[in-house]
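# Build me a model:
(chains A and B)
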Number of protein chains: 2
Amino acid sequence: MVENNGFLYSQVAERLEQLIEKGVLRTGDKLPSVRGLSEQQGISISTAFKAYSELEMKGLVEARPKSGYYVRFTSQELPKPPLSESHPPPPKDISVDEMIREVYRNLTSEGIVRLSVAAPALEHLPEAKLNKSMMEALRADANSCIQYDEIQGNGRLRQQLARLAFNWGGKVAPDEIITTQGCMEALSFCLQALTRPGDTVAIETPGYFGVSMVLQSHGLKVLEVPVHPETGIDLDYLEDGLRRMSIAACLFVSNFNNPTGACMPDECKERLVKMLAHRSIPLIEDDIYGELYFGKSRPLTCKHFDEKGLVLYCSSFSKMLAPGYRVGWCIPGRFHEQVLKQKLAHTVTSATPTHAAMARFLEAGRFGLHMRRLRKALHTQCLRYTQAISVFFPDSVRATRPRGGYTLWLELPPEVNAYSLYRRAIRHNISIAPGQMFSSDGRFSNYIRLSYGAPFSEEIERSLMVLGELVKEAGD
Amino acid sequence: MVENNGFLYSQVAERLEQLIEKGVLRTGDKLPSVRGLSEQQGISISTAFKAYSELEMKGLVEARPKSGYYVRFTSQELPKPPLSESHPPPPKDISVDEMIREVYRNLTSEGIVRLSVAAPALEHLPEAKLNKSMMEALRADANSCIQYDEIQGNGRLRQQLARLAFNWGGKVAPDEIITTQGCMEALSFCLQALTRPGDTVAIETPGYFGVSMVLQSHGLKVLEVPVHPETGIDLDYLEDGLRRMSIAACLFVSNFNNPTGACMPDECKERLVKMLAHRSIPLIEDDIYGELYFGKSRPLTCKHFDEKGLVLYCSSFSKMLAPGYRVGWCIPGRFHEQVLKQKLAHTVTSATPTHAAMARFLEAGRFGLHMRRLRKALHTQCLRYTQAISVFFPDSVRATRPRGGYTLWLELPPEVNAYSLYRRAIRHNISIAPGQMFSSDGRFSNYIRLSYGAPFSEEIERSLMVLGELVKEAGD
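Next comes the predicted model:
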């Protein structure tokens, strides 16, 4: 037997005290019984008793008759120390990474208007129906979703995802799909399957900062291809790049790019796929916003034009149904085995309950109705936000007119620094995404991204008004 | 607007036909209404109607009065083609990777006795209580667990995990913990935070094949350190290795190693931590089996002896509570920021519902009782399996005597090839893990791993008897 010898009562007491100090144990928490502590720590009953007595003397725990020991006081209850400075000066030389972390960190504070989050507001999501689907999954599955799921992904979910592909002209069998923990994991597995550190991957600029982070983590270099707010990727620029250097893969958002909202016309998608197929270069297509179109019908995808299996299609339900469920997927074409191997190596299987619940939600046939409502709401919000911007912002500010997705991309006067604007806005409890976050080198310093995921309200209107004033001040 | 132009009715019909052939659409499935199909595909009502008429002629769909179109027949209903060969010859030169995939693939067949799976049987898991915790989480959380969770991990869960650390002598605050999608993801993030491709990592041999897979995926080299079935890692061998070459990190299972069940004595853990601290080499400690001890108290961890923050502790609930929930965690010490950055880059956040449900299960205080029962069951099963092996297997077979965990490691006579034995056993619907799976180069070819996760039963007894006979035959 392996025993925990050598613990005296003061050592046990000291460790408990640290747990109380760090807030792991909180006021009112019941502690193990003397016998329980003794068994748990491999010490004698009398040693356990002595440990508690010591803590009682310090006023940290109390014995309640016939009930046991409880935490009496934690240091969290002391008054908070005064802040050393309430208006720290903006750091002079902040990296893009640090900027992203700062924006994320400030998001969790109470009362923040989150114009920086490109995700649906809770009121747009089918909360009750999702809960019902989860309960059905737990009740109906023989093992209550406790056991490992198939490595490739939940079979019922893949069946539904194959049907969803029909919307963008896809002919996909369930066996061709691999489920993932959100779209980022899908992108990460595809990159790891296709590239080696030091390789170059073509991406969009401006583009989603998450893509830069995952590329950096895999040790990859980038070719940044400019995005036109209307037509997307500059294909001539890309073609020139392909001639000049060796590109291991491309990773593009084909529909409603984040942050610009650009949607490649279908003929451009076809040209892109052919251009890459000619050189046997794989394309990772991030279509996470594709279903969020404001027009009459869904735009196609690059995968639709893929004849050689070189397009690795990636998407997720994070922007459509439930960010917190982390249900994404990948259709990797001829790279199926390689991507599946990455999934097995890094995560074994996806979470069973969330993926099974999503399958049942889709099976119930409520996805279509939900998406019609969500699209309508987003379109309305996009227009209302844009109108407010035109009223409150200086005339020199330019804004995109997205036809889908979540985000507006605003060009401010050249003298405005978006990060400084962020710092001033956050003091008014308004969070925006400074343009610098959407490139690797801090370009777009006079751009900001505003998300219209939340319903237009007086609070939003007021926030946009304040923001407009701040832009005016900054431009003076 | 981006429109899907140019689809004639026959093209739409053809695509629907392919969906039916591939089984994406199944017999009895309701199809979109004529109007729905028209809107979805951007075609006219009459074109949509013609598409359905064509499929009706082919007998693939049927119109039901006042209800719409339904799938009438799918090719899955045809009789299955005969198998070309029912006993394929064993491949001559199979790689370890291929072997692992074969073993996994065969696991999902009906009626297989899964002696190869090191995970708890469903009857040992608190199914109803977990379901209740999930429902509470969905009902009580303001957003029904739909939204993104904190990047570092669910706050309530981290609070509970900090308490759990007390069991192995840990003094950990919730802020020092990062939650992950199971233990494998934790290991993967740690490796990515600590190493660069081409670096060498010290691992155990025999050791869990998942570790080799993730190292391979990160482009890492390995130093394989022998494991003694009683005392674990050969520290003298390791020390010699550290002198001879540059090691970027170590990754060891300190308690109840898979497959041998070896548990490092506490003094060896202390020596290991000091040896590595002296050279500033980080240790990734996989403690996934640590709570599954058969003795009186829990073995300590290397993290307990860590004074410099060089130990990155990783674990999960996959072997204790719910493999399918994918709830793991990491305590990365001084590498906290680096590991958190990996999580943000590769998966953004963990799934909210499963992690929130686990937090509530732990808060309800039922973990201790469940674990006492599980440990007792595993200990009993370990003994019963071992007894049956001693009755049915040749005397020359040697078996480990684990004091925790899920697995027995059997040394067969040198002339027995474990992979050939696997192929013969699977014909009897018995799945075992051949020893070759637990090294990078196919060593341990006369070893097998048997898991005692399932309760001992007549079926298990019969399977072990058959296995014993097969070993005898193979040894003749």
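
# low pLDDT regions in the stretch 1-150 of chain A?
A:1-7, A:73-93 (pLDDT under 70).

# pretty sure A:Lys221 contacts A:Thr200?
Yes - using C-beta atoms under 8 Å, A:Lys221 makes contact with A:Thr200 at a distance of 4.4 Å. Placement of C-beta: from N, CA and C, glycine included.

# Run the contact check for stretch A:435-446 versus chain B.
No - judged by C-beta under 8 Å from any C-beta of the partner chain, stretch A:435-446 makes no contact with chain B; its nearest approach is 13.1 Å.

# Who are the packing partners of the longest helix belonging to chain A?
As assigned by DSSP state H, the longest helix anywhere in chain A is helix A:367-392. Here helix A:367-392 touches strand A:398-399, strand A:407-411, helix A:458-475, going by 3 or more C-beta pairs under 8 Å, 6 or more residues apart in numbering or on different chains; DSSP states H and E.

# measure A:Pro229 to B:Arg244 for me?
58 Å (C-beta to C-beta, to the nearest Å).

# and what of A:Ala142?
According to C-beta to C-beta, A:Ala142 stands 52 Å off from B:Arg244.

# again with A:Pro434
Plainly put, A:Pro434 is 50 Å away from B:Arg244 if you go by C-beta to C-beta.

# more crowded one of these two?
A:Pro434 (27 against 9; other C-beta atoms under 10 Å in any protein chain shown).

# how about the more buried one, phi and psi?
Dihedral pair for A:Pro434: phi -70, psi 140, per degrees, to the nearest 10.

# That one against A:Met99, yeah?
Yes - under the criterion of C-beta under 8 Å, A:Pro434 makes contact with A:Met99 at 6.6 Å.

# what sits in contact with each of the two?
A:Tyr419 (C-beta atoms under 8 Å, 6 or more residues apart in numbering or on different chains).

# Can you classify A:Arg449 by secondary structure?
strand (DSSP: H, G, I helix; E, B strand; the rest coil).

# okay, now it: neighbour count?
Neighbour number of A:Arg449 under other C-beta under 10 Å is 27.

# Okay, and the beta partners of it?
A:Trp409, A:Ala433 (DSSP bridges).

# what's near enough to touch it?
With C-beta under 8 Å, 6+ apart, A:Arg449 has these contacts: A:116, A:118, A:258-259, A:407-410, A:432-433, A:435, A:437-438.

# Any chance of TSV for the residues you listed, columns neighbour count?
Output for the contacts of A:Arg449, formatted as TSV (neighbours: other C-beta atoms under 10 Å in any protein chain shown):
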residue	neighbour count
A:Ser116	24
A:Ala118	22
A:Asn258	27
A:Pro259	31
A:Thr407	26
A:Leu408	22
A:Trp409	25
A:Leu410	23
A:Ile432	23
A:Ala433	27
A:Gly435	27
A:Met437	26
A:Phe438	29
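
# domains in chain A, as residue ranges please.
Annotated domains of chain A cover A:9-77, A:96-123+A:373-475, A:127-365 [automatic domain parsing].

# Deepest-packed of those domains, please.
Mean neighbour count (mean count of other C-beta atoms under 10 Å in any protein chain shown) peaks for domain A:127-365 among the domains of chain A, with a mean of 22.

# Provide the secondary structure category for A:Gly207.
A:Gly207 - assigned by three-state DSSP - is coil.

# With adjacent residues omitted, what lies nearest to it?
Among residues not flanking A:Gly207 along the chain, A:Phe438 sits closest, at 6.0 Å (C-beta to C-beta, 6 or more residues apart in numbering or on different chains).

# contacting residues around that neighbour?
A:205-209, A:259, A:444, A:447, A:449.

# redo that, cut-off 7 Å
A:206-207, A:209, A:259, A:444, A:449 (C-beta atoms under 7 Å, 6 or more residues apart in numbering or on different chains).

# now, which of those residues sits nearest chain B?
A:Phe209 (10.0 Å; C-beta to the nearest C-beta).

# right, and that closest one touches A:Met437 too?
Yes - A:Phe209 lies in contact with A:Met437 (C-beta atoms under 7 Å); the separation is 4.8 Å.

# so what's in contact with these two at the same time?
Joint contacts of A:Phe209 and A:Met437 (C-beta under 7 Å, 6+ apart) are A:Ile100.

# Can you tell me which residues in the stretch 201-350 of chain A are near chain B?
A:210, A:213-214, A:217, A:219, A:263, A:265-266, A:295-297, A:299-300, A:322-326, A:342, A:344-348, A:350 (C-beta under 7 Å from any C-beta of the partner chain).

# Could I get the full set of helices for the stretch 1-150 of chain A?
A:9-21, A:34-41, A:45-57, A:96-107, A:127-140 (DSSP state H, counting those that start in this stretch).

# could I get the ones you listed as JSON lines with distance to B:Leu8?
Listed next are these as JSON lines, based on distance: least, C-beta to C-beta, whole Å:
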{"stretch": "helix A:9-21", "distance to B:Leu8": "71"}
{"stretch": "helix A:34-41", "distance to B:Leu8": "73"}
{"stretch": "helix A:45-57", "distance to B:Leu8": "80"}
{"stretch": "helix A:96-107", "distance to B:Leu8": "48"}
{"stretch": "helix A:127-140", "distance to B:Leu8": "37"}
